[in-house]
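*Asks:* Pasted the sequence and its predicted model underneath.
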Amino acid sequence: YRAGLARESHLPAVTLDGKRLSLMANIELVEEVVSVRDNGADGIGLFRTEFLYLDLKRFPTEEELFEKYKELVELVTPRCVTIRTLDINGDKVLPYSDTIEEANPALGMRAVRFCLSRPEIFMTQIKAILRAAAFGNIKLLIPMISCVEEIIEVKKIIDDAVWALEEEEKIFNSDIPLGIMIEVPSAVIMAEELGHYVDFFSIGTNDLIQYSMAIDRRNRQVSHLNQPLNPAVIRLIRMIMDAAHRTGVKVVMCGEMAGDPVNLPVLMGLGLKELSMNPGSIPVVKQMIRKINSTDTKNLVDEILKMGKVADITDLVKTRYKDIL
Ligand code: PEP
Ligand code: MG
């Protein structure tokens, strides 16, 4: 069975009625590129960059970051790599950074908030990414955006990075797509306005569920409320899709929700065409896509959007897709 899956994993992710989806991989280490290829990913939809920072006893230099990103992009080219800037201080803390201890790190100086408070560190990473972009197909992704002001500030720092690289006469490419993670409820509410500043949204359901359901994503006591098919979560995704549609912004989903086959009909019905997941989930999800009719999923979502209970939604999906789940 696994062998059959592996063979099929290199077939395109096309539905019964001919709609093509793009399945990409989430990775944290350059070494994972092998499994990206083996599982037939269309590219890297999320490269989490924390590990390079966690490995060292100090902040990495621009040169160190550049070498790693270049290595990765050269391995993956001509497919694309979405590099997400540092998402630190949520669950992962840098021992050498001088951040003040926080009672609620998930609600604190995390990710882009930390980066904007330490622009020199942020700029170092952005310069390295823009330099690597001269060697392949890179997209730049910013985590944890919660308001318009933040993306404006980020864009100023990108401009500063471009200036600095020009000054230093380094080879780089700044003509790359810029995206933000949509993983904070305020970003969903403001998605249309945020869409004016960026090229794509990447939906981070791990945090979006955490922040919208008010559950710590690592707290087992409340894990029963960590529900991707909760009607509130589905409606939030619907709002993001509508806003993206109105502003002409592309959407990809890179949270865990994207890698579980049971969620697939719902995501397709909501209009998602790009999903990024753990490389190992790609073959199963792809196999399922090849057995689904996309028009059916639209009807499914119409029904689901009238429902109020997660169990009813789950039952409906499982009953309707019992033959292929
Ligand atoms: C997410 O929040 O869904 C996500 C993909 O990012 P991370 O898991 O790294 O927070
Ligand atoms: Mg996240």
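*Replies:* Yep, that arrived. Nothing here was measured: the structure is a model prediction, and the numbers come from that model. Ligands and ions are numbered 1, 2, ... in the order given.
*Asks:* got the residue ranges for the strands in the stretch 51-200 of the chain?
*Replies:* 80-84, 137-142, 178-182, 200-203 (DSSP state E, counting those that start in this stretch).
*Asks:* and for the longest one, what are the contacting residues?
*Replies:* Just to be clear, that refers to strand 137-142. 43, 46, 69, 73, 76-85, 112, 126, 129, 132-133, 151, 154, 158, 173, 176-181, 199-200, 202 (Cβ atoms under 8 Å, 6 or more residues apart in numbering). Every residue, glycine included, has its C-beta placed from N, CA and C.
*Asks:* pLDDT below threshold where in the chain?
*Replies:* The chain contains residues with pLDDT under 70 at 1-3.
*Asks:* Could you tell me which residues of it lie near ligand 2?
*Replies:* Applying Cβ under 5 Å from the ion, we find that the chain lies next to ligand 2 at 183, 204, 207.
*Asks:* So which of the residues you listed are in helices?
*Replies:* Mapping these onto helices (DSSP state H) picks out residue 207.
*Asks:* hang on, isn't residue 76 packed against residue 45?
*Replies:* No - judged on Cβ atoms under 8 Å, residue 76 makes no contact with residue 45 at a distance of 11.4 Å.
*Asks:* between the two, who's got more neighbours?
*Replies:* Neighbours were tallied for residue 76 and for residue 45 using other Cβ atoms under 10 Å; the higher tally belongs to residue 45 (27 against 23).
*Asks:* quick one: that one from residue 301, how far?
*Replies:* Residue 45 sits 22 Å away from residue 301, going by Cβ to Cβ, to the nearest Å.
*Asks:* Please apply the same query to residue 166.
*Replies:* As for residue 166, its distance to residue 301 is 47 Å (criterion: Cβ to Cβ).
*Asks:* Which one of the two is surrounded by more residues?
*Replies:* Comparing residue 166 with residue 301 by other Cβ under 10 Å, the one with more neighbours is residue 301, at 19 against 11.
*Asks:* That one reaches residue 267, doesn't it?
*Replies:* No - the pair residue 301 / residue 267 is not scored as a contact, 9.2 Å apart, by Cβ under 8 Å.
*Asks:* and the nearest residue in space to residue 47 that is not next to it in sequence, how many residues sit next to it?
*Replies:* Once flanking residues are discounted, residue 47 sits nearest to residue 83: 5.0 Å by Cβ to Cβ, 6 or more residues apart in numbering. By other Cβ under 10 Å, the residues close to residue 83 number 25.
*Asks:* do the one 4 residues further on as well
*Replies:* Each residue near residue 87 was counted by other Cβ under 10 Å, and the total is 24.
*Asks:* if I pick it, what's in contact with it?
*Replies:* Applying Cβ under 8 Å, 6+ apart, the residues contacting residue 87 are 48-50, 110-111, 143-144.
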